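S.K.: predicted structure and sequence below. I'll ask about it afterward.
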Amino acid sequence: MHAMRFGAQYAQDATAFRLWAPGAAHVDLVLDGGATRVLAMHAAEAGFFGRVADSVAPGARYAFRIAGSVDVPDPASRANPDGVHGTSMVVDPCAYAWRDGAWRGRPWTDAVVYELHVGTFTPRGTFDAIVAHLDALAELGVTAVELMPVAAFAGTRNWGYDGVLPFAPAACYGTPDDLKRLVDEAHARHLMMLLDVVYNHFGPDGNYLHAYAPPFFNAKHHTPWGAAINFDAAGSRTVRDFFIDNALYWLDEFHFDGLRIDAVHAIVDDSQPDFVTELAMRVREHADGREIHLVLENDRNEARYLRRDASGRPTLATAQWNDDVHHALHVIATGEDDGYYGDYRAAPVRDFARALAEGFVFQGQPSPFREDRPRGEPSADLPPVAFVAFAQDHDQVGNRAFGDRLVSLAEPELLRALVSCILLAPQVPMLFMGEEFGVSTPFLFFCDFEGELAHAVTQGRRREFARFARFRDPSRREAIPDPNASSTFAKSKLDWSQAFAPEGEAWRSFYHRCLTIRRRRVVPLLRGMHEGGAFEIDAKALIHVTWSAESGARLGLVANLSAVPVMTTMPAGEAIYASAGMPAPGTAGVVPRYGVSFVVEDHDER
């Protein structure tokens with residue numbers, strides 16, 4: 001049980017309820033454990049209201065009545081079985097009998113991340129349904145399963161980034177104990193479990209905080225979702241504690257091995273230390289010998305969050321999703337250069353090589369997409385595992401109008417070459433569910449709002465694409481799937497039959513081969529790889545990247561990302577991976593179209 005200042009803290013003799021409601025004159029606790037009780041809550045320090053109640057059993061429902069007029073769920077509810085507008089449920093966090101007592105996690109150098117959406121990963125779309133797939137993921141070479149956000153949201157289908165009850169697993173996926181069982185089963189297979197959390201905004205439906213806790217937001221800062229969450233004005237200490245407690249709660253009560261923090265660039269905070277720094281420091285202090293990993297999404301490319309101490313351990317965040325790797329890869333694979341892809345239009349192959357070698361492409365240079373504002377900080381001195389590299393993720397697939405996956409956009413031979421670079425380079429690779437068997441199922445943007453909000457979301461989604469030439473025709477925009485239609489959600493569920501078709505099995509065999517090589521030959525080098533690599537480009541499309549380990553060993557990549565064969569001299573050493581027709585290590589020869597080779601040279605060989 002994670003002890004915190006918020007919500008309901010169950011105990012057999014008496015349960016304590018606390019709500020931060022600085023905007024309320026008085027608050028009542030409404031308890032329904034068979035017979036409804038209305039108990040006045042006592043005003044406490046700094047806008048808190050509290051009440052201890054006896055005879056409260058797990059499963060009892062409760063709500064907070066604000067100023068005698070409106071009943072609201074607990075914002076720190078551990079469970080809301082009837083949705084985000086319903087009553088909260090008292091939970092005994094200690095009821096689940098864990099079996100992972102010896103588990104302390106795995107080092108980040110082992111990480112191969114598999115991102116999935118609970119509702120669309122399986123036909124049933126539940127926590128329990130995922131368990132049947134864990135053996136296959138472990139056998140593939142995955143070592144960490146990352147769940148897209150599971151915090152309770154309005155309706156029964158959502159990406160998860162519209163959550164409004166950050167402590168309550170969405171009831172449509174299962175109970176809190178179902179989620180704990182999933183984590184437990186993953187640990188039994190030596191799989192880490194990571195959770196995506198959202199601390200930059202609340203969803204547009206089901207957030208009652210404005211009614212009784214106005215200081216939860218800071219109107220001086222504006223975000224795409226309205227007033228920013230208050231991390232730096234009066235009352236911000238309580239707001240910070242709320243989200244820090246949330247992070248520690250997932251790590252403690254659910255035994256997650258790490259968190260992916262969504263869009264930290266959208267967290268507006270002018271104070272020092274900023275919230276992201278404080279959160280990371282608190283998590284590090286709380287780890288108690290466990291391997292806990294914090295992964296950021298940060299469009300600002302702020303390398304300062306990724307620094308290591310003298311022993312090479314992260315001081316704040318463990319890693320960041322490397323959008324630069326993805327964007328350059330996508331331009332190479334598809335030729336698309338709309339929107340932010342335009343920043344990689346001029347030299348996508350060079351950008352891809354630099355991103356693999358140094359982490360960020362943008363390390364302070366002006367970004368044309370961002371009106372030539374400087375973007376990023378120097379990152380070449382960071383270890384490669386400070387970056388998560390991927391060919392696809394939920395954003396880059398789902399934010400396309402029709403949710404197209406790369407397998408339907410790119411030439412298969414070129415896609416295979418690019419994916420091999422992701423899987424075998426020293427950065428931590430991430431797969432998006434189904435890509436390992438070349439699934440063609442789209443991943444669309446979906447939600448489950450009602451009334452005017454549903455209409456606004458549907459029309460807003462379609463307006464987003466009006467700036468693209470192929471969607472300037474209104475009739476073409478109308479063909480974009482309605483996010484609120486149940487059919488949009490249904491189309492996004494993985495077609496598992498494709499995994500057993502010949503093409504799906506061929507893709508899976510390729511991923512398995514690469515990840516087996518990674519585990520055996522690349523991972524042993526990573527703990528001694530403390531900084532980025534060096535890169536060169538030949539003939540505009542042939543890349544050479546070299547990474548050096550502390551032992552003196554070097555890992556070299558040669559990849560021809562064009563359809564034209566190119567002559568080069570290969571690095572010396574042992575080829576741990578080579579596509580068909582690649583020259584032998586240490587020789588001069590012709591690299592075939594889309595040819596890729598990884599070579600390890602030990603110190604003794606030089």
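M.R.: Happy to help now that I have it. Given the structure is predicted, the values throughout are model-derived calculations rather than measurements.
S.K.: in the stretch 51-200 of the chain, which spans are helices?
M.R.: 118-121, 127-131, 134-140, 176-188 (DSSP state H, counting those that start in this stretch).
S.K.: just say which of those helices is most tucked in.
M.R.: Mean neighbour count, computed with mean count of other C-beta atoms under 10 Å, is highest for helix 118-121 among these, reaching a mean of 24. Where C-beta positions appear, they are placed from N, C-alpha and C, glycine not excepted.
S.K.: which neighbouring elements make contact with that helix?
M.R.: helix 127-131 (3 or more C-beta pairs under 8 Å, 6 or more residues apart in numbering; DSSP states H and E).
S.K.: what about the helix it packs on, distance to the chain center?
M.R.: 19 Å (C-alpha atoms, centre = their mean, to the nearest Å).
S.K.: neighbouring contacts of it?
M.R.: 116, 118, 121-123, 145, 169, 173-174, 178-179, 181-182, 185 (C-beta atoms under 8 Å, 6 or more residues apart in numbering).
S.K.: do that again at 6 Å, thanks
M.R.: Here helix 127-131 makes contact (C-beta atoms under 6 Å, 6 or more residues apart in numbering) with 122, 173, 174, 178, 179, 182, 185.
S.K.: now swap in stretch 333-345 and tell me
M.R.: With contact meaning C-beta under 6 Å, 6+ apart, stretch 333-345 is reached by 327, 328, 331, 351, 367, 368, 369, 409, 410, 415, 418, 468.
S.K.: buried residues in it?
M.R.: Residues of stretch 333-345 classed as buried by neighbour count (16 or more other C-beta atoms under 10 Å): 333, 334, 337, 341, 343, 344.
S.K.: okay, those residues in JSON lines with pLDDT and distance to residue 512 next?
M.R.: As requested, these are exported to JSON lines (pLDDT from 0 to 100; distance: C-beta to C-beta, whole Å):
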{"residue": "333", "pLDDT": "98", "distance to residue 512": "22"}
{"residue": "334", "pLDDT": "97", "distance to residue 512": "26"}
{"residue": "337", "pLDDT": "93", "distance to residue 512": "33"}
{"residue": "341", "pLDDT": "95", "distance to residue 512": "30"}
{"residue": "343", "pLDDT": "97", "distance to residue 512": "34"}
{"residue": "344", "pLDDT": "98", "distance to residue 512": "30"}
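S.K.: ok, those residues vs residue 307, which is closest?
M.R.: Comparing the buried residues of stretch 333-345 against residue 307 with C-beta to C-beta places residue 343 closest, at 25.3 Å.
S.K.: in the stretch 301-450 of the chain, which spans are strands?
M.R.: 319-321, 366-367, 373-374, 387-390, 428-432 (DSSP state E, counting those that start in this stretch).
S.K.: pLDDT below threshold where in this structure?
M.R.: Within the chain, the segments meeting pLDDT under 70 span 603-606.
S.K.: ok, longest helix in it?
M.R.: Of all segments of type helix in the chain, defined using DSSP state H, the longest is helix 236-253.
S.K.: and the next helix or strand after that helix, how far out from the chain middle?
M.R.: Next along the chain after helix 236-253, taking DSSP states H and E as the criterion, comes strand 258-261. Its chain's C-alpha centre and that of strand 258-261 lie 7 Å apart, by C-alpha atoms, centre = their mean.
S.K.: list of residues touching strand 258-261?
M.R.: Contact with strand 258-261 is made by 194, 195, 196, 197, 247, 292, 293, 294, 295, 296, as judged by C-beta under 6 Å, 6+ apart.
S.K.: next, format those as TSV and append neighbour count.
M.R.: Shown next, in TSV, are these (neighbours: other C-beta atoms under 10 Å):
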residue	neighbour count
194	22
195	23
196	22
197	22
247	24
292	22
293	26
294	23
295	26
296	24
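S.K.: save those residues as TSV, and put in distance to residue 439 too.
M.R.: Formatted as TSV, the contacts of strand 258-261 follow (distance: C-beta to C-beta, whole Å):
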residue	distance to residue 439
194	21
195	23
196	21
197	26
247	32
292	31
293	27
294	29
295	24
296	28
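S.K.: from those residues, which two are the most distant?
M.R.: Pairwise distances across those peak at 15.3 Å for 196 and 292 (criterion: C-beta to C-beta).
S.K.: identify whichever of the helices of the stretch 51-200 of the chain lies nearest to residue 565.
M.R.: Nearest to residue 565, of all these, is helix 134-140, at 32.1 Å by C-beta to C-beta.
S.K.: bridged to residue 70, which residues?
M.R.: Beta-bridge partners of residue 70, counted by DSSP bridges, are residue 66.
S.K.: and it, how many neighbours does it have?
M.R.: Other residues lying near residue 70 total 13 when counted by other C-beta atoms under 10 Å.
S.K.: buried residues, stretch 40-52. List them.
M.R.: In stretch 40-52, counting by 16+ other C-beta under 10 Å, buried: 41, 47, 48, 49, 50, 51, 52.
S.K.: now, the most widely separated pair of those residues?
M.R.: Farthest-apart pair in those is 47 and 52; separation 18.7 Å (C-beta to C-beta).
S.K.: which one of the buried residues of stretch 333-345 sits closest to residue 264?
M.R.: residue 343 (20.1 Å).
S.K.: which residue, neighbours along the chain excluded, lies closest to the closest one?
M.R.: Of all residues not flanking residue 343 in the chain, residue 369 sits nearest, at 4.9 Å (C-beta to C-beta, 6 or more residues apart in numbering).
S.K.: next one: residue 75
M.R.: Nearest non-adjacent residue to residue 75, counting by C-beta to C-beta, 6+ apart: residue 209, 6.2 Å away.
S.K.: again with residue 228
M.R.: In this structure, residue 228 finds its nearest non-sequential neighbour in residue 221, 3.6 Å apart by C-beta to C-beta, 6+ apart.
S.K.: looking at the contacts of helix 127-131, spot the one nearest residue 11.
M.R.: Closest approach between those and residue 11, by C-beta to C-beta: residue 179, at 22.3 Å.
S.K.: number of nearby residues for residue 97?
M.R.: 8.
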